[in-house]
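Q: Generate coordinates for the sequence data below:
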Amino acid sequence: MVLLEDREQYRRIVGKLMYLTITRPDITFAVNKLCQFSYAPRTAHLQAAHRVLQYIKGTVGQGLFYSASSDLTLKGFTDSDWASCPDSRHSTTGFTMFVGDSLISLRSKKQHVVSRSSAEAEYRALALATCELVWLHTLLVSLTAATTIPILFSDSTAAIYIAINPVFHERTKHIEIDCHTVREKIDDGELKLLHVRTEDQVADIMTKPLFPNQFEHLKSKMSILNIFESSS
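A: Residues are numbered from 1 along each chain as shown. Okay, the predicted model is just below:
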């Protein structure tokens, strides 16, 4: 792969795509990856950016739909892709937060440290999502919005077990702060942690590339609609 001569063009494209992710969460993972090569982009990275632009051109009417339902249940989905970066072997964290069926917060971010197991990567994602969910709950309460205990969904049974198990094992000491972050909220009744099937893990779309059928399935769960498509 050859370094781009006009790096500013690449950075302008990626910068505009970053703003677009506010209303187009379906491109968040791809844009996150493109941003990681802004310093020294190569031809393959520009080609990937053009593929994202082609996808956007084919789905111009697509965007977030916000329901008029009075359901104020706060729920989140969190996931990680273990050691997904081939260069640094850092994992990718992803989460999506909903009020009722409306998506209000999302994130796709490379973790700061290398996780030594998939359970560790999942738990780091769980801790980050917990902080976001608790903050959103506090915000809703300050706005006097009637809401129930927030619910956080994870597809990792190992991470859930660590969260509900009061005994720290030798293998979890290096993530003890993250363990306390989640467990404290569960013990205080400020968070409910539930398991979700991997096939229905909405945050999966934030952590890895997916096959078209699964991508469309998870996209539909994020309340992303196309105004130009027939409802029939």
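
Q: just the strands in the chain please.
A: In the chain, the strands defined using DSSP state E lie at 62-64, 74-81, 92-99, 102-110, 151-154, 192-195, 224-226.

Q: Can I get the ones you listed in a markdown table including distance to residue 3?
A: Quick note: C-beta positions are derived from backbone N, CA and C, even for glycine. Output for the strands of the chain, formatted as a markdown table (distance: least, Cβ to Cβ, whole Å):
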| stretch | distance to residue 3 |
| --- | --- |
| strand 62-64 | 33 |
| strand 74-81 | 27 |
| strand 92-99 | 25 |
| strand 102-110 | 22 |
| strand 151-154 | 40 |
| strand 192-195 | 45 |
| strand 224-226 | 35 |
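
Q: So in this protein, which helix runs the longest?
A: helix 118-142 (DSSP state H).

Q: May I see the buried residues of that helix?
A: 118-130, 132-134, 136-137, 140 (16 or more other Cβ atoms under 10 Å).

Q: Same check on stretch 8-20?
A: 10, 11, 13, 14, 17.

Q: Kindly report the same for stretch 200-220.
A: Applying a neighbour-count criterion of 16+ other Cβ under 10 Å, one finds 201, 202, 203, 204, 205, 206, 207, 217, 218, 219 buried in stretch 200-220.

Q: And it, end to end?
A: This stretch, stretch 200-220, spans 11 Å end to end (Cα to Cα, to the nearest Å).

Q: now swap in stretch 61-71 and tell me
A: Termini of stretch 61-71 sit 26 Å apart (Cα to Cα).
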